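Asker: need a structure here:
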Amino acid sequence: MNGRLSSSSVNALIGASGVYDIEKQFQQEKKIGVHEMSPMSAANGASVENFRKYSPAQKIIPKDFPPVLLIHGAQDDLTLPQNSQDFSHVLGEERCQCYTIDGVGHQDMIYEVALEGGKAQSVIFDWIESMV
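Answerer: Take a look at the predicted model:
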């Protein structure tokens with residue numbers, strides 16, 4: 001596999017407010033002044049080379065990936081919604097749907113997924129139903 005990820009045993013994937021390009025995420029964290037406390041840099045050896053090497057956008061093999069749903073809060077200022085949008089382009093429209101949810105920030109996403117009636121919950125349930 002050459003260090004790249006395939007998905008032979010995964011039927012579908014849901015990503016919520018995810019980091020799919022570690023280098024871009026590090027730049028965003030630096031811009032807002034949280035890069036020194038973020039685990040992102042330490043977990044990836046604090047080098048741009050490793051940021052690129054370990055980014056999901058660089059590790060996946062799109063043709064082998066299952067259907068993917070990416071959801072992101074429109075008001076997420078820590079991990080920008082552009083992360084999900086860019087990753088959806090890497091995966092391709094035929095296998096990836098990307099939703100940006102208005103009124104939701106980074107830390108809010110967990111509530112929107114977990115709480116009954118959450119904005120993200122209905123998007124997820126509708127997508128799962130469309131898969132079966």
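Asker: Now do the biggest helix by length in the chain: everything it contacts.
Answerer: Identified as the longest helix of the chain according to DSSP state H is helix 119-131. By C-beta atoms under 8 Å, 6 or more residues apart in numbering, the list of residues contacting helix 119-131 from outside reads 11-12, 14, 16, 67, 69, 71, 97, 99, 101-104, 109, 112-115. C-beta coordinates here come from the backbone N, C-alpha and C atoms, glycine included.
Asker: Could you give me the buried positions within stretch 87-98?
Answerer: 87-88, 90-91, 96, 98 (16 or more other C-beta atoms under 10 Å).
Asker: Can you list which of these are found in helices?
Answerer: 87-88, 90-91.
Asker: Could you find which two of those residues are furthest from each other?
Answerer: 88 and 90 (7.3 Å; C-beta to C-beta).
Asker: Ignoring the adjacent residues along the chain, who's closest to residue 86?
Answerer: Of all residues not flanking residue 86 in the chain, residue 21 sits nearest, at 6.4 Å (C-beta to C-beta, 6 or more residues apart in numbering).
Asker: same thing with residue 38?
Answerer: residue 29 (4.9 Å).
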